[in-house]
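>>> Sharing a model that was predicted from the sequence below.
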Amino acid sequence: MVENSPSPLPERAIYGFVLYLGSHFGFCLFCLWAYVPEEWLHSIGLTYWPQKYWALAVPIYLLVALMIALVLLFGVNMNNTAPLDSIDNITDVYAQGQKPNGCHKGGIPRLKDVSISEVNNIFYLTPEQ
Amino acid sequence: MEDEAFTDINGKAISLDCQSHSGLCREFTVSSPKVSVGKVMVYTCCVWLLAYTVFFFTENTAVLSSAILITLLGMMLHIHFVKVDHESLLVIGSLGIQVSSSYASGRETTKFIEMSKIKDIVINEAIYMHQIIYYLCVLLKDPSEPDAVSSVVPLFQSSKPRLNCLVKVYKSCQEILSKC
């Protein structure tokens, strides 16, 4: 059985180095296209490239999207949290559907969800030793 | 009647008053601090200074009058609908419980829940905004299904006391609920 572990492997090192070289090369090409004036590109024969406007617009779009995504993440989480008057804070489908514990003499009792009334009794009504 | 130094979840001081009317009837009142005059003055001055600076640049007197109207209306709506003066829980064994909150303007809202619908009064923990708080709640049951919880009514929602206050109320309530 092959174990999946996050330890370094030779193949992973090669993938990482290829990605590193590729991303650096891509960045150099992007900088070339953004800085070289249009006339030089046209004179070589490269005419069909996007407008230089996008060299500024795309990074700014990405950064603004990142900021909004961060705020949106917290917002969606807060929205999905159950309010204080919701039954989901007390119990759920699985806890209600559990079978009543059968009497096992001398064994480990079955794992089950303890009801909130019992928990409160143990915490707050029994005197602390 | 007891009055110890209790606080709410944000650290502001509140006070708890327990009254035992009889062996089966008890009333708990949690009072929040009153609206402080200093805070009101600071808010009003800020809003009016802001309106004056806008007027200084736009020379439009409607800005000033609208600022005055907005502050007055805002204060009236706040003390009538938002600012809770005290909330009380009245437990009458074998009859039911009554939850009432009275606002700073004198308005009172009450809710009565009869004993056959009440399963238990418990302290539960839940996630509220960015923190986890303890809150006291009434578990309601359907009389036809006595084992299942049908809905939850949280208590003391505006004052949100901390655990020491809730444990006192809980122990007192359980004494009554276990008798009937």
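Happy to help now that I have it. Numbering: from 1, shown residues only, chains lettered A, B, ... in the order given.
>>> now the helix ranked longest in chain B: how far from the chain's centre is it?
Looking across chain B with DSSP state H, the single longest helix is helix B:37-58. Offset of helix B:37-58 from its chain centre (C-alpha atoms, centre = their mean, to the nearest Å): 30 Å.
>>> before we move on, what about stretch B:19-32?
16 Å.
>>> okay, how far is it across it, tip to tip?
By C-alpha to C-alpha, to the nearest Å, the extent of stretch B:19-32 from end to end equals 18 Å.
>>> is chain A contacted by that stretch?
No. Counting by C-beta under 8 Å from any C-beta of the partner chain, no contacts exist between stretch B:19-32 and chain A, the nearest distance being 15.4 Å. Using the backbone N, CA and C atoms, a C-beta is placed for each residue, glycine as well.
>>> got it, and stretch B:79-93?
No. If you take C-beta under 8 Å from any C-beta as the test, stretch B:79-93 misses chain A, and the best it gets is 14.4 Å.
>>> about what we covered before: list the buried residues of the following helix or strand past the longest helix of chain B.
For helix B:37-58, the following helix or strand on the C-terminal side (DSSP states H and E) is helix B:61-77. For helix B:61-77, burial by neighbour count (16 or more other C-beta atoms under 10 Å in any protein chain shown) applies to B:63, B:67, B:71.
>>> I'd like the residues you listed as TSV, with distance to residue B:124 and pLDDT appended.
Formatted as TSV, the buried residues of helix B:61-77 follow (distance: C-beta to C-beta, whole Å; pLDDT from 0 to 100):
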residue	distance to residue B:124	pLDDT
B:63	48	88
B:67	44	90
B:71	39	92
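>>> Pick the one among those residues closest to residue B:51.
residue B:67 (3.3 Å; C-beta to C-beta).
>>> Outline the domain layout of chain B.
B:6-31+B:87-179, B:37-81 (automatic domain parsing).
>>> Turn the ones you listed into a markdown table, columns for distance to residue A:14.
Compiled in a markdown table, the domains of chain B are given as follows (distance: least, C-beta to C-beta, whole Å):
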| stretch | distance to residue A:14 |
| --- | --- |
| domain B:6-31+B:87-179 | 44 |
| domain B:37-81 | 62 |
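>>> among those domains, which is the most enclosed?
domain B:6-31+B:87-179 (a mean of 16; mean count of other C-beta atoms under 10 Å in any protein chain shown).
>>> start to end distance for it?
Rule used - C-alpha to C-alpha; the end-to-end distance of domain B:6-31+B:87-179 is 28 Å.
>>> How many residues are close by residue A:91?
Residue A:91 has 16 neighbouring residues, counting by other C-beta atoms under 10 Å in any protein chain shown.
>>> Ignoring the adjacent residues along the chain, who's closest to it?
residue B:149 (6.0 Å; C-beta to C-beta, 6 or more residues apart in numbering or on different chains).
>>> pLDDT of stretch B:156-174, averaged?
Averaging pLDDT along stretch B:156-174 gives 94.
>>> Next one: it, is it in contact with chain A?
Yes. Stretch B:156-174 is in contact with chain A by C-beta under 8 Å from any C-beta, via B:157, B:167, B:170-171, B:174.
>>> And for that stretch, what's in contact with it?
Contacting residues not belonging to stretch B:156-174 are listed as A:84, A:120, A:124-125, B:6-10, B:14, B:16, B:18, B:26, B:28, B:30-32, B:84, B:86-87, B:89, B:91, B:101, B:121-123, B:133-136 [C-beta atoms under 8 Å, 6 or more residues apart in numbering or on different chains].
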